[in-house]
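Q: Quick one, fold the following:
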Amino acid sequence: MLSRSESHQQDKLKRKKRLRRLIVINFALLGVIIVILGAWLAASVIQSKPEAGGDPVNDGQTADATDPPADEGSGNSKGSDNSQGSDNNGNNIGNSTNGTPEDDGENGTVPGTEGSPDETVSLSFVGDLLLGEYVDPVMQREGYDFLYKKSLLYLSEPDLTAGNLEHPVTSGGVPVEGTPYVFKGSPDALPALREAGFDVVSLANNHALDQGVEGMLDTMKHLEEAGISHMGAGRDDTEAFSPVIKEVRGIKIAYIGISRVVPFASWKADKNVAGVAETYETKRAVAAIAKAKDQADIVVVMVHWGKERVDQPEPYQKDFARQYIDAGADLVIGSHPHVLQGFEMYKGKWIAYSLGNFIFTAFPKGTAGETGVLDAVCTKSGDCDMTFHPMFTVNAQPTPLETDAAKALLDRLSAISFQVKLREDGSIVPD
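A: Okay, here's the model as predicted:
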């Protein structure tokens with residue numbers, strides 16, 4: 001029997017195949033219509049031919065032949081097959097032998113077992129997610145899936161999509177005292193998050209224990225029930241620093257969650273102490289990354305750090321990112337500043353210092369509303385091509401930007417990045 005996470009990946013695969021099947025059927029029908037139209041026009045020409053010696057009559061009708069559109073597999077329609085197993089805590093560990101994915105009956109392959117040296121996996125990332133508080137009135141009025149409608153293709157088409165969950169998910173818990181903002185979200189919002197395409201969320205942030213340990217453990221339970229993997233928090237430091245490992249077409253991807261923003265020392269996971277994986281120093285984070293590199297081909301570090309509402313990283317962020325990459329990280333994805341920060345390449349690996357807010361408030365202003373989806377198309381060796389899809393939040397919906405607005409945001413990101421630039425199509429390249 002498939003786990004919820006495996007079923008989620010199978011649903012993604014089936015949706016993509018239904019889309020491809022619909023495209024093929026539409027082209028077939030178009031071909032039939034063109035053939036019938038051509039035959040009818042030919043018959044009309046024959047019937048309208050003049051008597052011998054007369055002048056031919058041109059009725060002005062021609063049958064147009066058009067080339068089929070570009071490959072539908074490019075752009076947002078990216079990779080597909082993957083499978084995961086799960087450990088005793090419900091976290092996915094990428095062992096496809098723990099569950100037997102169903103054969104879809106179309107190509108005779110089992111998702112997660114294919115692979116070749118030139119195979120790639122598409123990984124997408126967003127910033128902070130707050131599915132409660134400020135956007136709760138919108139969800140109650142419009143439905144939980146409303147938040148993702150304008151960004152859905154960017155979330156559902158990649159092989160794996162991940163973000164930072166910035167609140168506990170619980171119906172209970174005890175609100176923490178001594179912090180300016182205390183968040184909480186309903187379990188009812190999680191099925192829509194899963195259906196939108198999210199596979200992994202990090203819990204390593206400064207709001208994971210806003211509703212106490214009970215709220216954090218409830219969050220883990222509700223995510224597992226919804227089929228969404230999580231990392232960065234746990235019943236002890238071993239669990240908190242453990243990666244989620246996914247496998248896609250024979251490529252294993254490890255996700256690690258860590259935070260350098262922890263309001264109270266008591267929130268730090270330790271031996272027999274529930275909490276979040278912290279990185280005020282890098283020793284445990286570096287050890288966790290090195291261990292994950294032994295288990296997976298690609299290591300993603302999702303780190304909560306930096307200064308709020310500042311679009312430049314702190315010096316320690318640059319230092320820590322390099323230490324993570326030196327330890328084996330292929331991608332370093334930041335959150336917490338609530339605004340976008342720039343990108344950098346170090347030793348051929350990529351750093352996104354902050355992806356800002358993705359879903360946080362309904363009508364943010366200025367840089368707080370700037371957001372987007374970051375795509376990484378990676379080989380098994382961890383070489384990634386990066387693309388950022390610029391968006392702005394309107395009525396709690398991340399909304400793709402077009403033309404001049406898109407170019408303006410991409411140009412601004414180029415200006416605050418380090419030795420890299422963003423082209424008009426969003427691709428990120430060395431400058």
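
Q: S354 reaches G306, doesn't it?
A: Yes. The criterion here is C-beta atoms under 8 Å, and S354 meets it with G306 at 5.9 Å. (C-beta placed from N, C-alpha, C; glycine too.)

Q: Now for the two: what residues contact both?
A: Common neighbours of S354 and G306, using C-beta atoms under 8 Å, 6 or more residues apart in numbering, are P313, G334, H336, P337, Q341.

Q: Can you tell me which of the residues you listed has the most neighbours?
A: Highest neighbour count within those, by other C-beta atoms under 10 Å: P337, with 28 neighbours.

Q: quick one, strands of the stretch 151-300 of the chain?
A: Along the stretch 151-300 of the chain, the stretches classed as strands by DSSP state E, counting those that start in this stretch are 160-165, 200-202, 229-231, 233-234, 244-248, 251-259, 275-276, 298-304.

Q: need the ones you listed in CSV with distance to L153, can you?
A: Output for those, formatted as CSV (distance: least, C-beta to C-beta, whole Å):
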stretch, distance to L153
strand 160-165, 11
strand 200-202, 19
strand 229-231, 22
strand 233-234, 30
strand 244-248, 19
strand 251-259, 21
strand 275-276, 32
strand 298-304, 22
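
Q: looking at the ones you listed, which is closest to A292?
A: Among those, strand 251-259 comes nearest to A292, with 4.0 Å by C-beta to C-beta.

Q: that older thread, can you pick out the residue with more neighbours from S354 and G306?
A: A count of neighbours by other C-beta under 10 Å puts S354 above the other of S354 and G306, at 28 against 24.

Q: Please tell me how far the closest residue to the more buried one other than its chain neighbours sits from S229.
A: Nearest residue to S354 in three dimensions, chain neighbours excluded: Q341, at 3.8 Å (C-beta to C-beta, 6 or more residues apart in numbering). Q341 sits 26 Å away from S229, going by C-beta to C-beta, to the nearest Å.

Q: ok, the nearest residue to T179 once chain neighbours are set aside - contacts?
A: Closest residue in space to T179, ignoring its immediate chain neighbours: P263 at 5.3 Å, by C-beta to C-beta, 6+ apart. Listed by C-beta under 8 Å, 6+ apart, the contact partners of P263 are V176, G178, T179, N206.

Q: Would you mind giving me the ChimeraX syntax to select the buried ones in these?
A: The following ChimeraX line selects those of the contacts of P263 that are buried, judged by 16 or more other C-beta atoms under 10 Å:
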select :176,206
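
Q: what two of the contacts of P263 are the furthest from one another?
A: Across the contacts of P263, the longest distance by C-beta to C-beta is 12.1 Å; it joins G178 and N206.

Q: circling back: now the strands of the stretch 151-300 of the chain in CSV, with mean neighbour count?
A: As requested, those are exported to CSV (neighbours: other C-beta atoms under 10 Å):
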stretch, mean neighbour count
strand 160-165, 27
strand 200-202, 28
strand 229-231, 27
strand 233-234, 28
strand 244-248, 28
strand 251-259, 29
strand 275-276, 27
strand 298-304, 30
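
Q: Select, out of the ones you listed, the one closest to T120.
A: Closest to T120 of these is strand 251-259 (C-beta to C-beta; 7.9 Å).

Q: tell me the angle of that closest one relative to strand 244-248?
A: Inter-element angle recorded for strand 251-259 and strand 244-248: 150 degrees (by axes from the mean of the first three to the mean of the last three C-alpha atoms, to 10 degrees).

Q: Give me the residues contacting stretch 361-370.
A: Stretch 361-370 is contacted by residues 130, 134-135, 137-138, 309, 311, 338-340, 356-357, 360, 390-396, 409 when judged by C-beta under 8 Å, 6+ apart.

Q: at 7 Å instead, please
A: With C-beta atoms under 7 Å, 6 or more residues apart in numbering as the test, stretch 361-370 has contacts from 134-135, 138, 311, 338-340, 356-357, 392-393, 395-396, 409.

Q: How about stretch 314-326?
A: Here stretch 314-326 makes contact (C-beta under 7 Å, 6+ apart) with 279, 282, 285-286, 289, 301, 305-307, 332, 334, 346-347, 349, 351, 353.

Q: Quick check: of the residues you listed, which lies closest to D383?
A: D383 lies nearest to K349 out of those, by C-beta to C-beta, at 8.8 Å.

Q: Who are the contact partners of the closest one?
A: I325, A329, D330, L331.

Q: so what's it bridging to?
A: Y346 (DSSP bridges).

Q: what are the phi and psi values for R235?
A: phi -70, psi -20 (degrees, to the nearest 10).

Q: Which pair of the contacts of K349 spans the longest distance?
A: Across the contacts of K349, the longest distance by C-beta to C-beta is 9.0 Å; it joins I325 and L331.

Q: More neighbours: the two, which one.
A: Shown here are I325 and L331; by other C-beta under 10 Å, L331 has more neighbours (25 against 22).

Q: Bridged to the residue nearest to the more buried one when sequence neighbours are not counted, which residues?
A: In space, and not counting its chain neighbours, L331 is closest to V300: 4.7 Å by C-beta to C-beta, 6+ apart. V300 has these beta-bridge partners by DSSP bridges: Y255, L331.

Q: Wait, V300 touches I333, no?
A: Yes. With contact defined as C-beta atoms under 7 Å, V300 counts as touching I333 (6.5 Å).

Q: Tell me, how many residues neighbour A396?
A: For A396, the tally of surrounding residues (other C-beta under 10 Å) stands at 22.

Q: Which pLDDT value belongs to it?
A: A396 is assigned 98 on the pLDDT scale.

Q: Could you do R322 as well?
A: With respect to pLDDT, R322 has a value of 98.

Q: One more: D118?
A: Reading off the model, D118 has pLDDT 79.

Q: pLDDT value on the closest residue to it other than its chain neighbours, please?
A: Spatially, and ignoring its direct neighbours in sequence, D118 is nearest to T379 (7.3 Å; C-beta to C-beta, 6+ apart). At T379, the pLDDT value in this model is 98.

Q: Can you get me a residue count around T379?
A: 17.

Q: Quickly list what it is bridged to.
A: Beta-bridge partners, per DSSP bridges, of T379: T120.

Q: Hmm, T120 and it touching each other?
A: Yes. T379 lies in contact with T120 (C-beta under 7 Å); the separation is 5.6 Å.

Q: Give the full set of residues in contact with the residue positioned nearest the centre of the chain.
A: Compute the mean C-alpha point of the chain, and by C-alpha atoms, centre = their mean the closest residue is T161, 2.6 Å away. For T161, the contacting residues are S124, L155, G197, F198, D199, by C-beta under 7 Å, 6+ apart.

Q: Show me which of those residues is closest to V373.
A: When the contacts of T161 are ranked by distance to V373 (C-beta to C-beta), S124 comes first, at 5.5 Å.

Q: Tell me which residues touch the closest one, please.
A: Neighbouring residues of S124 by C-beta under 7 Å, 6+ apart: Y154, L155, P158, T161, V373, L374, D375.
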